[in-house]
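A.B. asks: below are the sequence and a predicted model for it; my questions follow.
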Amino acid sequence: EPEVTQTPSHQVTQMGQEVILRCVPISNHLYFYWYRQILGQKVEFLVSFYNNEISEKSEIFDDQFSVERPDGSNFTLKIRSTKLEDSAMYFCASSVGGSHYNEQFFGPGTRLTVL
Amino acid sequence: AQSVTQLGSHVSVSEGALVLLRCNYSSSVPPYLFWYVQYPNQGLQLLLKYTSAATLVKGINGFEAEFKKSETSFHLTKPSAHMSDAAEYFCAVSDPSGGSNYKLTFGKGTLLTVNP
């Protein structure tokens, strides 16, 4: 069964460093998303991506964040200069189409720890 | 803005007992509603979804949920808990009044433990 994969499963970094979180969405999916979950808090939407551009972003997704689909399979989230408050579980998701009822398929997450 | 409330961050039941996980949403427009489950070290997996067809929705693993507009609720139930149901459960909504913004808004999650 096709699934969304994410690497690494756990990333530890120093404050101020750049990190890139990687995701491989399901191959025939067209919409891609990043969410994050700070420990003890809700899963929060960060950004959605379609047709090689951002379609929506939340207020969390400031200039320190960027997303890219560098080739036909990977979807990356870059944090330019990490802060302590960026420590969270980051989930990638993809869906076959753009609608409110299409299922979003989630990856297992990358736990980011900023020291 | 949409919000989702899951009452009870932790629910504990005995094997074979009824499972009831509560979810309430705030919206003037009936949203699309989802229940996801997360097993340890895995991603979020869709259990079921409400998309304005039947108000009683059946999902995988014997779970079902009923959409009640008057109560703005979408509670998840299973008649008889199994040990393998132990996981974290998330209720989520997608707001059709958000246009082409298909983001999911999640509740805080409910951790279900099943005792032998």
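C.D. replies: Yep, that arrived. Numbers count the residues shown, from 1 in each chain, chains lettered A, B, ... in the order given.
A.B. asks: in which helix or strand does the residue most central in space within chain A reside?
C.D. replies: For chain A, the residue sitting closest to the mean C-alpha position, by Cα atoms, centre = their mean, is residue A:34 at 3.1 Å. Using DSSP states H and E, residue A:34 sits within strand A:31-37.
A.B. asks: low-confidence ranges, chain B, go.
C.D. replies: Along chain B, the parts satisfying pLDDT under 70 run over B:1, B:28, B:98, B:100.
A.B. asks: on that earlier part again, what is the next helix or strand after the strand holding residue A:34 packed up against?
C.D. replies: Using DSSP H and E, the helix or strand that directly follows strand A:31-37 along the chain is strand A:43-50. With contacts taken as 3 or more Cβ pairs under 8 Å, 6 or more residues apart in numbering or on different chains; DSSP states H and E, strand A:43-50 sits against strand A:31-37, strand A:53-57, strand A:65-68, strand A:75-79, strand B:105-106. From N, CA and C alone the C-beta is placed, and that goes for glycine too.
A.B. asks: contact partners of the helix or strand that the last one is followed by?
C.D. replies: If I follow you right, that is strand B:105-106. Per DSSP H and E, the first helix or strand lying C-terminal to strand B:105-106 is strand B:110-115. Here strand B:110-115 makes contact (Cβ atoms under 8 Å, 6 or more residues apart in numbering or on different chains) with B:6, B:8-15, B:19, B:21-22, B:81-83, B:85-90.
A.B. asks: same thing with stretch A:50-62?
C.D. replies: With Cβ under 8 Å, 6+ apart, stretch A:50-62 has contacts from A:30-32, A:36, A:44-49, A:67, A:69, A:98, B:100-103.
A.B. asks: that's all I had, so thanks and see you.
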